[in-house]
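# Take a look and give me a structure for this.
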Amino acid sequence: SFMNSCAVSALFGDTEAIDYMIRYMDFYADNYDKFPAHGKHAGKGKIMEQALDEAVWIIDVLSALTAVDEMIPKAKKEEWMEKLLRPITELILPQSNFIHNIPTWLKCAVGVIGIYGGDDELLDIALNSEFGIRNQIAKGFTEDGIWYEGSMTYHFYTASAVTGFFSFYAAKNPTDPIFDTYGKMFTTPLVLSYNGRNMPAINDGWYGRGSAAAHVIPGRICDDMNLKAFNDMAIAENPGCIANARALLFQPIEDDVEVFSATRLAVVKKPFHVLFKAGVIAQSHMHLDALSTRISPFSDDLGTPGYGHELTKRFYRYIAAHNAIAVDQMQPAGVPVTTMEKIENGAKATVAPGTWADLTLAERSLTVDGDKVIDVTNLSAPTEHTYDWFFHSIGKAEYSTDEGEAVESLGEDKMGYAYITDIKKMKTNGTFKATFTLDNGGALTLEIPETEGIEVYTAKTPDNPADNKRSTVILRRTATDATFRTVFYKK
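This is a model prediction of the structure:
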């Protein structure tokens, strides 16, 4: 609606837009009692043609006003509530007395008004009365999440009313069991569609009804992961499905980095996907890969080739198979005490002192800097250690220099080191760069801007299956402390 467009403009600093929104509401508040009730088909309205349209209109208008709530004087909101919003509820409530898509819209409008105006009594009537929203959902939608009229057109129409209410109610009471079936209203129709987009025109419906736009706002309200996944896919494939002001008001401000601290994981989303792991939380099925990263599709985790495979117990579960850190060819024993925390523009993983040899500091951070991801590992101990930093990638490897000397081995036959082959100690002249190029032309570059005090090795290690090989870069420093600073970027 135009009001939603005004809200978007106001959020970008357009003071004329907020002035217009206030004038708009003032006009209807000042004149609502003068308008005659009228309508023949879907109830009687005053501003719109019928009660149904009145409900649709006010939900849309209040959604826009809520987006700019801090810009509206409290006295104005109170005036609108008494002169316009409460009279609307008095008009439409008596008309919402059966289970049907129209009363659903009317009750949702009353609920939205109750929340907007801070009137809990109105909210309770809208939600819990005989033909309130709770019963409209329980009796109107099947257990499969489909509206009882069996038309995809009216299914999404009714679900849109529920969405309008839930867009307000989710912030007020997000744990209400009423949300339990909400995701099904949008995920079940995807199965009925032959392509996940266009809905079948069963019963009173019509073709050309696409589902993508209808899923955008629910995908921001609901915790259903399938719905969120579809929502993101639909937007990626068809950005036009959010090309309206109301959808824009529901676009989240997403961080480039998301942290899952309880699971000791983080994800860098932009400029490209990096999965970051601090450590494990249980010993069952664990791999020795504390402070490790994965950059798909270049450097995925290899998992295991099967429990009966010889290399599962000799390589795939150990340091040398991962983009991880080794201290004297070892990782922390058992389940290490680790943390993953959000930092400015990134995430930081830490292994607690006393967990890993005599290290007093063991941390790794990823930070986003424009189109680059900066990867910094800091290690420190009172005694000298040999610190190794690993990175593996598929694709054709090109290095900034070919100068170097062959090395037979990087250590003992433990932690997968025996499967590091074709080892070459590189002559770096202070910096080093490796670019990995896939068959489709995609390329990832690893840059080490400062190699002083660090030995740089290139090698080959098993992929999965093991007869394929990945290119491996290993940074090594023997000292009491080590800092490995690397930069990743894509073409």
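# residues of the strand or helix carrying Lys424 that come out buried?
Here Lys424, judged by DSSP states H and E, is contained in strand 421-426. For strand 421-426, a neighbour-count test (16 or more other CB atoms under 10 Å) marks Ile423, Lys424, Lys425, Met426 as buried. For every residue, glycine as well, the C-beta is placed using N, CA and C.
# what inclination does the very next helix or strand once past that strand have with respect to strand 421-426?
As assigned by DSSP H and E, the chain's next helix or strand after strand 421-426 is strand 432-437. Using axes from the mean of the first three to the mean of the last three CA atoms, to 10 degrees, the inter-axis angle of strand 432-437 relative to strand 421-426 is 140 degrees.
# and the next element down the chain from strand 432-437?
Taking DSSP H and E, what comes next after strand 432-437 is strand 443-448.
# Past that next one, which element shows up next along the chain?
Per DSSP H and E, the first helix or strand lying C-terminal to strand 443-448 is strand 455-462.
# Pull up the per-residue confidence for the residue lying closest to Asn128 once chain neighbours are set aside.
Sequence neighbours aside, Arg134 is the residue nearest to Asn128 in space, at 5.8 Å (criterion: CB to CB, 6 or more residues apart in numbering). According to the prediction, Arg134 has pLDDT 96.
# cool, and Met330?
As predicted, Met330 sits at a pLDDT of 96.
# How about the one 4 residues further on?
Looking at Gly334, its pLDDT stands at 86.
# Output the contacting helices and strands for the helix ranked longest in the chain.
Determined from DSSP state H, the single longest helix within the chain is helix 152-172. On a contact count with 3 or more CB pairs under 8 Å, 6 or more residues apart in numbering; DSSP states H and E, helix 152-172 meets helix 51-67, helix 101-117, helix 133-140, helix 184-192, helix 212-221.
# isn't Tyr24 right up against Ala17?
No: the criterion here is CB atoms under 8 Å, and Tyr24 misses it with Ala17 at 10.5 Å.
# which neighbours do the two share?
Residues touching both Tyr24 and Ala17 by CB atoms under 8 Å, 6 or more residues apart in numbering: none at all.
# For the two, indicate the residue with more neighbours.
Each of Tyr24 and Ala17 has its neighbours counted (other CB atoms under 10 Å); Ala17 has more, 19 against 16.
# Now do the buried residues in the helix or strand the more buried one falls within.
Using DSSP H and E, Ala17 sits in helix 15-31. Neighbour-count burial for helix 15-31 flags Ala17, Ile18, Tyr20, Met21, Ile22, Tyr24, Met25, Tyr28, Ala29 (criterion: 16+ other CB under 10 Å).
# Let me see the contact set for the first one.
Just to be clear, that refers to Ala17. Cys6, Ala7, Ser9, Ala10.
# Next: the second one.
When contacts are counted by CB under 8 Å, 6+ apart, Ile18 is found next to Cys6, Ala10, Val68, Met71, Ile72.
# In the stretch 201-350 of the chain, what residue spans correspond to helices?
For the stretch 201-350 of the chain, the helices defined by DSSP state H, counting those that start in this stretch cover 212-221, 225-237, 245-249, 310-311.
# And the average pLDDT for the shortest one is what?
Translated: helix 310-311. 92.
# roughly how far is it from the heart of the chain?
Centre-to-centre, helix 310-311 and its host chain are 37 Å apart (CA atoms, centre = their mean, to the nearest Å).
# on that earlier part again, among the contacts of Ile18, which are in strands?
Among the contacts of Ile18, no residue falls in strands (DSSP state E).
# returning to what we had before: specify the angle between the helix holding Ala17 and helix 51-67 in degrees.
140 degrees.
# Now helix 15-31: average pLDDT?
Mean predicted confidence for helix 15-31 is 96.
# any idea how far Ile474 is from the closest residue to Val456 other than its chain neighbours?
Spatial nearest neighbour of Val456, chain neighbours left out: Met426 (4.5 Å); criterion: CB to CB, 6+ apart. The gap separating Met426 from Ile474 is 10 Å, by CB to CB, to the nearest Å.
# Same question for Pro103.
Pro103 sits 68 Å away from Ile474, going by CB to CB.
# Pick out whichever of these two has more residues nearby.
Applying other CB under 10 Å to Pro103 and Ile474 shows that Pro103 carries more neighbours, namely 27 against 22.
# and the spatially closest residue to the more buried one that is not a sequence neighbour, how many neighbours does it have?
The shortest distance from Pro103 to any non-neighbouring residue, by CB to CB, 6+ apart, is to Ser96 (3.8 Å). When counting by other CB under 10 Å, one arrives at 26 neighbours for Ser96.
# who does the residue nearest to Tyr399 when sequence neighbours are not counted bridge with?
Once flanking residues are discounted, Tyr399 sits nearest to Ala434: 5.3 Å by CB to CB, 6+ apart. Note on Ala434: beta-bridge partners Tyr399, Leu446, judged by DSSP bridges.
# burial of Ala434, as a residue count?
Burial of Ala434 is recorded as 22 neighbouring residues (other CB under 10 Å).
# for it, what are its contacts?
Residues in contact with Ala434, defined by CB under 8 Å, 6+ apart, are Ser393, Ala397, Glu398, Tyr399, Ser400, Thr445, Leu446, Glu447, Thr458, Ser471, Val473.
# wait, is Ile178 part of a helix?
Yes: assessed by DSSP: H, G, I helix; E, B strand; the rest coil, Ile178 belongs to a helix.
# re the thing from before, return every residue with contacts to both of Met426 and Ile474.
Val456, Tyr457, Thr458.
# Return the residues in contact with the first one.
Looking back up the chat, that one is Val456. Contacts of Val456 by CB under 8 Å, 6+ apart are Lys425, Met426, Thr428, Phe432, Ile448, Val473, Ile474, Leu475, Arg476.
# that older thread, run through the residues that contact the residue nearest to Asn128.
Leu127, Asn128, Ile178.
# Select from the residues you listed the one having the most neighbours.
Leu127 (22 neighbours).
# low pLDDT regions in the stretch 251-400 of the chain?
251-254 (pLDDT under 70).
# make it 90
251-263, 269-270, 280-286, 300-301, 303-307, 333-335 (pLDDT under 90).
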